[in-house]
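> just need the structure, nothing else, for what follows:
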Amino acid sequence: MTGKDAEASKSEDLVLSCHALSYTVEVGFRKKKEKKILQDVYGVYKPGLNAIMGPSGSGTLVYVVQDDVVTGSLTVRENLMFAANMRLKSEMGSEEKQRIVNDLLDELLLQKCANSKVGTELIKGVSGGERKRCNIGMELVVGPKILFLDEPTTGLDSSTSLSVMKILHRLAVHGNRTIIFSIHQPRYTIYKNFDNLHLLTCYGQTAFHGPTSKAVDYFSAQGLPCESFNNPADFFLDCVLKHNSVRFSNDPNTLSKTQDSQDVEKDRSLNVDEEFFNVAEKAKIDLAKSFSESEENKNLKEECGSLLSPGNPKSKSDQFGEWHASSWIEQFFYLSVRAFTNYARNPQVSFIELGTMAFLAVLCGIVFWDIEHDTAGFQNIYGALFFMTAQMMWTNLQSVETFIKDRNMFLHELANGYYRPSSFFFAKLATDLFPRRLFPTLIFVVIFYWMAGLAADVDKFFFALFACLTATMASCGLAFFIGIVVGQFAVASSLLTLCYITFMIFGGLMMNVKDLKVWIRWFSWVSITRQSLAPLIASQVKDIDFCGPRTFQLDGIMYEDTVTCEKGTDLLEQQGINYGAKDQWLGMMILFTYIAAVFALTYLKIITMKKQK
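Numbering: from 1, shown residues only. The predicted model follows:
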């Protein structure tokens, strides 16, 4: 991006301007190419409705996001109160914040649905227009003089779209706000509310910028008259689409043209009126070049220059730093309250998780019921503990979506200064890891441990519980990290599944770790299964002698011989498991190091995402 400057004054009329604005992105996977989204764009945006129009991909970049990012399980009022608590100063009392929210509900015509849930896939909520207005209201709690919106009518029917735009018009007039938004082919009843129009070509160049009332006359002067009963917004886009077949050079002043037959065919497939297309094709009018040479553009650049003038007291070009109105503790508190409220209003999710763990604990407890310490006892205990540690991983596979599900909301709120990355991260741990991951683990271990007849010793029970909780935290931490890095549930869950299977292979049950090749044996040290299972089995069997009659077969008949015993320590050594107290805690220390690493990497990724906003 080059030459970007924002001008703002603290007077009643707050003006935003951009100067020689260009923006380039890299496209492609293997062979990356640079694509210009905006090219040498100038603009002045004054109080009122400032519309940015152009074909899709023409660089209409603005900022209350197109997709609504509100919490569906909260009511309209609760969403606005969350924004107020986060974005208004801590010194402001609760009554004052409630007054601001009530005023917004009145201004946005949301009082009737104030106590209705916004709605989710499972909860019936408010209408699309009310949801959109709630989304806008969350940005208005701080009383901004400049408001950006990305296609505020997306997903709404024509009547609801008109209602939303009328409210925006009232906000602009009564609040003396500069409202800048992108919009695609508005109906005339919406278009006539626009105060200023910035029209972009397919390649991000300015085709027109100025008062909406002068746009039709400007195009007529270029030899493109708009018929009396034609919607000007549709007409302007038709004009711009005609120039999609013109490939401009990188220099917007030369605007050299080369006809691209593929682009021409693409334009014809856009259902643009064929007669219009043929007339415009013959006219050979370059809208970007025409505007760059026009008196309107000359006046625009002079106005931009005056705003940048050092002698202009209203001129201001700042790099705004990070600032938060609420304290870290407040952010952590309100984020936690929102999360717990969301869980409380979606109890089926939590109940299913707990019910599944309890059911599996009982089912597996029946299978491994009261394991005896006979000659097969060691293998049975080993299998029971292997299943228990594996269960800690697989039942937490869904935790991969923890940072994926709310990714868009997080990026939006973080970019708008709702909270710090650290408060979000620790609130997520407090509301997701502990109640939704560790508590079900506790339920499973309590049920399964005693049903399976494992060591009836308090110390050994709590060590087993501690090992399982540690394995759960390590598994969830890895899931959090993969989820936030990948960002797509299907891909992230596949990668996490691959990791879990690898951990199980090197867990020691399927193949003795001692028999692994030296060059691959190191995998066992990073296996969550191995590092939690080895201390567990050592704790359970090191003090047990597994005794039973030796059996053999002769002439098809099974015979029992004398009773033989094998020490648990001998069996552990055969499996390559060290059973000393230090060795048991070494596995726990490895898991804690693992936990610290994956959570630290997850937090670093969150900070990186903040920089990408």
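
> measure the nearest residue to Ala288 once chain neighbours are set aside to Thr472 for me?
Nearest in space to Ala288, with sequence neighbours left out and distances taken as CB to CB, 6 or more residues apart in numbering, is Gln205 at 3.8 Å. Any C-beta I mention is one placed from the backbone N, CA and C, and that applies to glycine too. Distance, Gln205 to Thr472, by CB to CB, to the nearest Å: 55 Å.

> likewise Val518?
Computed as CB to CB, the Val518 to Thr472 distance reads 31 Å.

> now swap in Ser292 and tell me
63 Å.

> more crowded one of these two?
Neighbour totals were compared for Ser292 and Thr472, and Thr472 leads with 29 against 19 (other CB atoms under 10 Å).

> count of neighbours near the residue nearest to Ala288?
27.

> make 28 the first number, not 1, from now on.
Got it, first residue is 28 now, which makes that one Gln232.

> ok, Ile431 - contacts?
510-511, 513-516, 519 (CB atoms under 8 Å, 6 or more residues apart in numbering).

> list the contacts of Leu101.
109, 144-145, 365, 368-369.

> go through the helix or strand containing Thr187 and flag the buried ones.
Assigned by DSSP states H and E, Thr187 belongs to helix 185-201. With burial defined by 16 or more other CB atoms under 10 Å, the residues of helix 185-201 counted as buried are 187-192, 194-196, 198-199.

> state the mean pLDDT of it.
Averaged over helix 185-201, pLDDT sits at 88.

> residues making contact with the helix or strand just after that helix?
Proceeding N to C from helix 185-201, the next assigned helix or strand is strand 205-209, under DSSP H and E. With contact meaning CB under 8 Å, 6+ apart, strand 205-209 is reached by 41-43, 72-81, 87-89, 172-179, 195, 198-199.

> hmm, which of these are the buried ones?
41-43, 72, 74-81, 87, 89, 172-179, 195, 198-199.

> in helices only, show me the residues you listed.
195, 198-199 (DSSP state H).

> from the residues you listed, which single one is nearest Gly404?
Lowest distance from Gly404 to those (CB to CB) belongs to Leu195, with 73.7 Å.

> what about the nearest residue in space to that closest one that is not next to it in sequence, how many residues nearby?
Closest residue to Leu195 apart from its sequence neighbours, by CB to CB, 6+ apart: Ile206 at 5.7 Å. For Ile206, the count of nearby residues is 26 (other CB under 10 Å).

> identify the bridge partners of Ile206.
Beta-bridge partners for Ile206, by DSSP bridges, are Leu76, Leu174.

> what pLDDT does it get?
92.

> look up how far Leu176 lies from it.
7 Å.

> give the residues shared as contacts by these two.
Leu195.

> ok, back up a step: and the ones in helices among the buried ones among the contacts of strand 205-209, which is closest to Glu428?
Among those, and counting by CB to CB, the member closest to Glu428 is Leu195, at 34.4 Å.

> what's near enough to touch the closest one?
76, 163, 176, 179, 206, 208.

> now, the most widely separated pair of these?
Leu76 and Ile163 (13.4 Å).

> how about the strands of the stretch 178-327 of the chain, start to end?
For the stretch 178-327 of the chain, the strands defined by DSSP state E, counting those that start in this stretch cover 205-209, 223-227, 233-238.

> relative to helix 185-201, how tilted is the first one?
Put plainly, it is strand 205-209. Direction vectors for strand 205-209 and helix 185-201, defined by axes from the mean of the first three to the mean of the last three CA atoms, to 10 degrees, enclose an angle of 150 degrees.

> and the strands in the stretch 28-177 of the chain?
Along the stretch 28-177 of the chain, counting by DSSP E, counting those that start in this stretch, strands occupy 43-54, 60-72, 75-80, 173-177.

> how many other residues sit next to Phe619?
Neighbour tally, Phe619, other CB under 10 Å: 14.

> then Leu631?
12.

> for it, what are phi and psi?
phi -60, psi -40 (degrees, to the nearest 10).

> may I see the strands of the stretch 178-327 of the chain organised as CSV, with distance to Cys592 added?
As requested, those are exported to CSV (distance: least, CB to CB, whole Å):
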stretch, distance to Cys592
strand 205-209, 80
strand 223-227, 85
strand 233-238, 90
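
> between the contacts of Ile431, which is nearest Thr102?
Closest to Thr102 out of the contacts of Ile431 is Phe516 (27.7 Å), distances taken as CB to CB.

> which SS state does Lys609 fall under?
helix (DSSP: H, G, I helix; E, B strand; the rest coil).

> coming back round to it: would TSV of the strands of the stretch 28-177 of the chain with distance to Ala411 and mean pLDDT be doable?
Below are these laid out as TSV (distance: least, CB to CB, whole Å; pLDDT from 0 to 100):
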stretch	distance to Ala411	mean pLDDT
strand 43-54	53	85
strand 60-72	57	87
strand 75-80	64	93
strand 173-177	55	87
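
> nearest to Ser377, of those strands?
So among those, strand 173-177 is nearest, using CB to CB, at 34.4 Å.

> helices and strands around the closest one, which ones?
helix 155-167, strand 205-209 (3 or more CB pairs under 8 Å, 6 or more residues apart in numbering; DSSP states H and E).

> which one of these has the lowest average pLDDT?
Looking at the helices and strands packed on strand 173-177, the weakest mean confidence is helix 155-167, a mean of 88.

> angle of it against strand 173-177?
140 degrees.

> buried sites along helix 155-167?
155-167.

> nearest residue to Ala388 other than its sequence neighbours?
Ile474 (3.7 Å).
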